[in-house]
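1. sequence? don't have it. structure:
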């Protein structure tokens, strides 16, 4: 990751301030960084840091730790950890020819925002990474010893934070730069786990006199399965299952396949099914789907009225057995999705939720994934067990995996008090303190480092985990101002630590 020229080539980044932060983010947009494939990016950052004379280490989980020595006169200040994750959620709109394993992200600048129209932008958590890299290279900043922790595999299971070794970090203060609402400090987050369902099936030949059709349901907003779950946006899988169950009640419809969603932590925006039905019923299929489209748009008015349902002729050789079809459609229809419970302790915060994020059904086998979150570990465990129990009724194997703990709030945190004081001094306004329903790595990091005092903040990012993701340009400048001011305040003599 060689030094870049002062000017940024891409028009979207020209004249943006602070230049160092946007320069690094522009470079991140050009380097693929899917979860579990962050190696090339990590290696470039590692070489860049070594070239600057910084101490660098890659741990056994693949996380990158970069140490920057303190400013002159701040040698006795406490070590401060600044942390973000290298990977991004890779989502694109249907028909978009974008390969996340090789193609760069192409942002646009619009009305004060940097946006990726047809893909995710990767501001989650690329802006956090860019802020940290700008800190590491800026020799003018005043700060104590800094440990920059750049983790891997956050979006696909928090593998980096889960594998972080005890004893690697020396700091006892940590700033996580992975939240998405400027002006808010986060002091707690939900924990969670996955429920993975898998069942083998029995393929049967196409019934004589039947024709195959593909039904596509799309046009939904999608979004982050933690941050946006309370908005009751449409889930393409759940909605298409409703449609299919209605159609099979009317006609002797047989299901060949059902696929929806591409990421466990994203609200499914599209789903498709291939069905076969008697030739004489084909003429009424389009009319039935049009009626469902109107009904669902009415139900989702003001939230997801862009929903559309289309059908087209298809070709299949085999279908699911009638028994497998009935079990899957009934189970998926009954399975919980959305907010289960609001917090009684923190007003306006979701306590427990479930996201049916991915389904893949074929004649010979099928699978689906639920991501369950809760501010209370027992809450996520109980809801996950309900899902396992539901599928057990049909003899379908389901198992829980990937549990990660929540981040327990500490309202008396000295670091939180210092951050709020700095915010007040820098911006002349009061900050807000929040708990986020999304999962942050702080909970897992705290499991290995229970004495860490942690706070999370960041710029305003909208639409994370969905195409059209955008970051507010001005808030990135504010986040840089706040971060550098906190670095100076933490290292100042007599600071509350």
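-> Arrived safely, thanks for sending. Since the model is a prediction, treat every value here as computed from it, not as a measurement. Residues are numbered from 1 along each chain as shown.
2. For stretch 208-226, measure first residue to last.
-> Stretch 208-226 has an end-to-end distance of 46 Å (criterion: C-alpha to C-alpha, to the nearest Å).
3. Show me how far the longest strand seen in the chain is from its chain's centre.
-> Secondary structure of the chain per DSSP state E: the longest strand is strand 350-361. Here strand 350-361 is found 13 Å from its chain centre; the criterion is C-alpha atoms, centre = their mean, to the nearest Å.
4. hang on, residue 175 is in a helix, isn't it?
-> No. Residue 175 sits outside any helix when classified using DSSP: H, G, I helix; E, B strand; the rest coil, being strand.
5. Contact partners for it?
-> By C-beta atoms under 8 Å, 6 or more residues apart in numbering, the residues touching residue 175 are 80, 81, 82, 83, 454, 455, 456, 457, 483, 486. Heads up, the C-betas are built off the backbone N, CA and C, glycines and all.
6. Distance-wise, check it relative to residue 44.
-> Taking C-beta to C-beta, to the nearest Å as the criterion, residue 175 is separated from residue 44 by 23 Å.
7. same deal with residue 348?
-> Plainly put, residue 348 is 41 Å away from residue 44 if you go by C-beta to C-beta.
8. more crowded one of those two?
-> More neighbours sit around residue 44 than around the other of residue 348 and residue 44, counting by other C-beta atoms under 10 Å; the figures are 15 against 9.
9. That one and residue 32 touch, don't they?
-> No. Here residue 44 does not reach residue 32: they are 11.4 Å apart, not a contact under C-beta atoms under 8 Å.
10. so residue 125 makes contact with residue 179?
-> No. With contact defined as C-beta under 8 Å, residue 125 and residue 179 do not form a contacting pair (9.5 Å).
11. higher neighbour count, these two?
-> For residue 125 against residue 179, the residue with the higher neighbour count under other C-beta under 10 Å is residue 125, and the figures read 32 against 25.
12. Name all residues that make contact with that one.
-> The contact partners of residue 125, taken as C-beta under 8 Å, 6+ apart, are 84, 85, 86, 87, 88, 154, 177, 178.
13. swap in residue 361?
-> Applying C-beta under 8 Å, 6+ apart, one finds that residue 361 lies in contact with 201, 255, 257, 258, 259, 320, 328, 367, 368.
14. how far away is the closest residue to it other than its chain neighbours from residue 362?
-> Ranked by C-beta to C-beta, 6 or more residues apart in numbering and with sequence neighbours excluded, the top spatial neighbour of residue 361 is residue 258, at 4.2 Å. Using C-beta to C-beta, residue 258 is found at 9 Å from residue 362.
15. With residue 61 instead?
-> When C-beta to C-beta is the yardstick, residue 61 and residue 362 sit 34 Å from each other.
16. which residues pair with the residue nearest to residue 361 across the strands?
-> In this entry, residue 258 is beta-bridged to residue 273, residue 361, by DSSP bridges.
17. shouldn't it be in contact with residue 358?
-> No. Residue 258 sits out of contact with residue 358 when judged by C-beta under 8 Å, with a separation of 11.3 Å.
18. returning to what we had before: please report how far the residue nearest to residue 361 lies from residue 234.
-> Taken as C-beta to C-beta, the spacing of residue 258 relative to residue 234 amounts to 16 Å.
19. residue ranges with poor pLDDT in the protein?
-> 1-9, 495-497 (pLDDT under 70).
20. helix, strand or coil for residue 284?
-> Under the three-state scheme (three-state DSSP), the conformation of residue 284 reads as helix.
21. burial count for it?
-> Neighbour count for residue 284, taken as other C-beta under 10 Å: 13.
22. just the one 4 residues further on next, same as before
-> Other residues lying near residue 288 total 17 when counted by other C-beta under 10 Å.
23. So it lies in a helix, does it not?
-> Yes. Residue 288: assigned to a helix according to three-state DSSP.
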